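K.L.:
Here is the input, now give the coordinates:
(one chain, ligands or ions: 2)
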Amino acid sequence: MSKVEDFLTKEEEQEIVQAIIQAERNTSGEIRVHIEEHSEKNHTERTREVFRMLEMENTKLRNGVLIYIAVADRHFEIYGDEGINNNVPTDFWKSTRDAIQNQFKTQNFKQGIINGILQIGKELKEHFPYDEVNDIDELPNEISKGVE
Ligand code: CA
Ligand code: CA
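P.N.:
Ligands and ions are numbered 1, 2, ... in the order given. Prediction:
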C-alpha cells in the first residue's frame, strides 16, 4: 500500500469528498486532503508547501485546514491556517490526529480520513460557525494528489 493510486478506490474518494461537504456545513472553515507518495523534505515543511501550492490561504477568515498524507512514508499531518492557530489552544488538533491514527493503525485509511474530516468540522464549529446565509465553498472539496 505505498502507491497513491492504490491508496483509495474511486468510491472511497467520493465518500471522502462527501465527508468534506458534510463537515463544511458545520463551519466556515475549509478542509482539503492531499495525498502523495513520498517527500524528501521534512513532512511539516512539505505540508506547508502543499498548503501554499493549493492556495489554501485564500480564505476570508484564513481558516483552511489541510490533511496531508505521504502514503509510502506512512505519515500524515494536519495543518490549519493562521486564522485558526491564532484562536485555538496549542493542542487543538490532538483529537483529530487521534481520530485518524486510530483507523490508520488498522489500515482503515478511508475511515481514518473521514473521521478526521468530521472531527475537524466539529472542532471548528465553535470558533468558526457555519454561515447559513453567506457561506461560499471557498476551496474545492476534491482530493488533491501530487508528486514533488
Ligand atoms: Ca465554506
Ligand atoms: Ca470546500
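
K.L.:
Look at the most far-flung residue of the chain relative to its centre and give its secondary structure.
P.N.:
Here the chain reaches farthest from its C-alpha mean at residue 133, the gap being 24.5 Å by Cα atoms, centre = their mean. Judged by DSSP: H, G, I helix; E, B strand; the rest coil, the three-state class of residue 133 is coil.

K.L.:
any idea how far ligand 2 is from it?
P.N.:
Counting by Cβ to the ion, to the nearest Å, the gap from residue 133 to ligand 2 is 17 Å. (C-beta placed from N, C-alpha, C; glycine too.)

K.L.:
and that residue, what pLDDT?
P.N.:
On pLDDT, residue 133 comes in at 94.

K.L.:
and stretch 85-99, how far apart are its ends?
P.N.:
Stretch 85-99 has an end-to-end distance of 20 Å (criterion: Cα to Cα, to the nearest Å).
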